[in-house]
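Engineer: whatever this is, show me its structure:
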Amino acid sequence: MRTSRFLAAAVITVVAVGALCSVLQAQDSRSVWDGVYTKEQAKRGAALFDAECAGCHGAAGEGGGMAPALVGNAFTANYDGQTVGDLFERTRATMPVGKEGQLSAQVNADITAFMLECNEFPAGAAELPSQAMTLKMVKFVASKP
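Structural biologist: A predicted model of the protein is given here:
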């Protein structure tokens, strides 16, 4: 009797672990090309970008003075192979100058959505989350697969 309970528990554990691995693998295969933000979120992000970032990076992220461009091949190449979480964390920790780390996670997610839109990554049905660990599961892939 104990052996059959043990075997049943083992089978359930193996099935549960397999299901979890499938979910994580599916999430891990998401990229910026899968529509990871909404148009409405990017619109909010545009207004926030204008207020918090455009003074240095330009109205559309084209760069200016000492601030690098946040659009174009050089920018996307810089993040190619990383994750949206890496972009989100760098923005959160280093921007805006003088207010580093002071913007809310939601504000940073909205600004990140705007940056993705400016780089012509497609919008989707769900908003970009504001949790860095979740964003680490979304690959930043510079060119469309």
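Engineer: identify the residues contacting the residue nearest to Phe140 when sequence neighbours are not counted.
Structural biologist: With sequence-adjacent residues excluded and distances taken as Cβ to Cβ, 6 or more residues apart in numbering, Phe140 is closest to Tyr79, at 4.3 Å. All C-beta atoms are positioned from the backbone trio N, CA, C, and that covers glycine. Applying Cβ atoms under 8 Å, 6 or more residues apart in numbering to Tyr79 gives the contacts 86-87, 140, 142.
Engineer: number of nearby residues for Gln102?
Structural biologist: Counted with other Cβ atoms under 10 Å, residues neighbouring Gln102 total 11.
Engineer: ok, it - contacts?
Structural biologist: Contacts of Gln102 (Cβ under 8 Å, 6+ apart): none.
Engineer: now with 10 Å?
Structural biologist: 52, 92, 95-96 (Cβ atoms under 10 Å, 6 or more residues apart in numbering).
Engineer: and Asn78, how far is that from Ala69?
Structural biologist: 10 Å (Cβ to Cβ, to the nearest Å).
Engineer: who's in contact with Thr112?
Structural biologist: 36-37, 41-42, 45, 49, 84-85, 87-88, 91-92, 128, 130, 135.
Engineer: find the centremost residue of the chain, please.
Structural biologist: Val84 (3.1 Å; Cα atoms, centre = their mean).
Engineer: from the contacts of Gln102, which two are the most distant?
Structural biologist: With Cβ to Cβ as the measure, no two of the contacts of Gln102 lie farther apart than Glu52 and Arg92, at 12.0 Å.
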